[in-house]
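# got a sequence here, can you model it:
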Amino acid sequence: MTPLRHQAKVLLAFVKGWSMVCLVGGLGSAKTVTQVLVSLYRAQTTPGGRQLLLFPTSGMIEDIAKPAFEEWLERLRVRYFWKRPQGRLNLYLLVAGRWAELRFRSGEKPDRLDGGEYCHVSADESGQLTDKAVKKLFARGRGYARITKLMTGTPEGMAGPFYREAEKGVQPGTLVVRARTMDNPFL
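Residues are numbered from 1 along each chain as shown. Predicted coordinates:
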């Protein structure tokens, strides 16, 4: 498996120590697959660690994220299983002899993001998330020696937390990677 150019840039950024990466790309630029690859990388670098992955809706979790993760985990032959505690969705990966926990949550109910400490937090289609959801997500990145954050989204829109992070006020320690839909040969 060879990652696309922008996926390799995102992974390399985390390898080199960037704490925050914003991936800006259009429809079909493999942003969700990038989430999968980064989550696997963080599971390898933090055996037994927990991650929090935020999506705008529960439908996106079921219809897009879960199938993407399953496809890549099976392709890479990673042992995994799903659990549904209290109507939520958690994924467990066996990496380096330890189980990593990935919690999939919806931005529809940001108050449910309270509690927990995570080595990696990420938001897919971040332009659709509220300020409150992103603030709560970022607050959960704590309790580990190294915390990483990934936000993905489309370039349209001139407001909201993703626009501020990726376009308007890029903070020190944040890398913005741009992806083009046409760079994805699998479409």
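
# could you point out the longest strand in the chain?
In terms of residue count, the longest strand belonging to the chain (DSSP state E) is strand 98-106.

# off-centre distance for that one?
11 Å (Cα atoms, centre = their mean, to the nearest Å).

# send the alpha carbons of stretch 113-129 over as CSV?
Only the C-alpha atoms of stretch 113-129 are listed here, as CSV (Å, rounded to 0.1, in the frame of the first residue of the first chain):
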residue,chain,number,x,y,z
LEU,A,113,-17.5,14.4,24.6
ASP,A,114,-16.8,15.1,28.3
GLY,A,115,-14.5,12.7,30.1
GLY,A,116,-11.5,10.8,28.9
GLU,A,117,-7.9,11.5,28.0
TYR,A,118,-6.6,10.8,24.5
CYS,A,119,-3.2,10.6,22.8
HIS,A,120,-4.8,11.6,19.5
VAL,A,121,-8.0,13.5,18.6
SER,A,122,-9.3,14.1,15.1
ALA,A,123,-12.3,15.6,13.4
ASP,A,124,-13.4,14.5,9.9
GLU,A,125,-15.4,17.0,7.8
SER,A,126,-14.5,19.6,10.4
GLY,A,127,-16.2,22.5,8.5
GLN,A,128,-19.5,20.9,9.5
LEU,A,129,-18.7,21.0,13.3
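
# tell me the buried residues in it?
113, 118-129 (16 or more other Cβ atoms under 10 Å). No exception for glycine: its C-beta is placed from N, CA and C like everyone else's.

# so who does Gly107 touch?
Leu54, Phe55, Pro56, Thr57, Ala123, Gln128, Leu129, Thr130, Ala133 (Cβ atoms under 8 Å, 6 or more residues apart in numbering).

# now do the SS call for Leu54.
Leu54 falls in the strand class when you classify it by DSSP: H, G, I helix; E, B strand; the rest coil.

# who does it bridge with?
Assessed by DSSP bridges, Leu54 has beta-bridge partners Arg105, Ala123.

# I'd guessed it sits against Leu113; true?
Yes. Leu54 is within contact range of Leu113, at 7.4 Å (criterion: Cβ atoms under 8 Å).

# in terms of secondary structure, what does the lengthiest helix in the chain contact?
If you go by DSSP state H, the chain has its longest helix at helix 31-45. Judged by 3 or more Cβ pairs under 8 Å, 6 or more residues apart in numbering; DSSP states H and E, helix 31-45 is in contact with helix 5-15, strand 20-25, strand 50-55, helix 66-75, strand 89-95, strand 98-106, strand 120-123, strand 148-153.

# show me the residue sitting in the middle of this protein in space.
Ranked by distance to the mean C-alpha position of the chain (Cα atoms, centre = their mean), the top residue is Ser122 at 3.4 Å.

# give the contact list for it.
Gln35, Val38, Ser39, Gln51, Leu52, Leu53, Leu54, Lys149, Leu150, Met151, Thr152.

# between those residues, which is nearest Cys22?
Nearest to Cys22 among those is Met151, at 4.9 Å by Cβ to Cβ.
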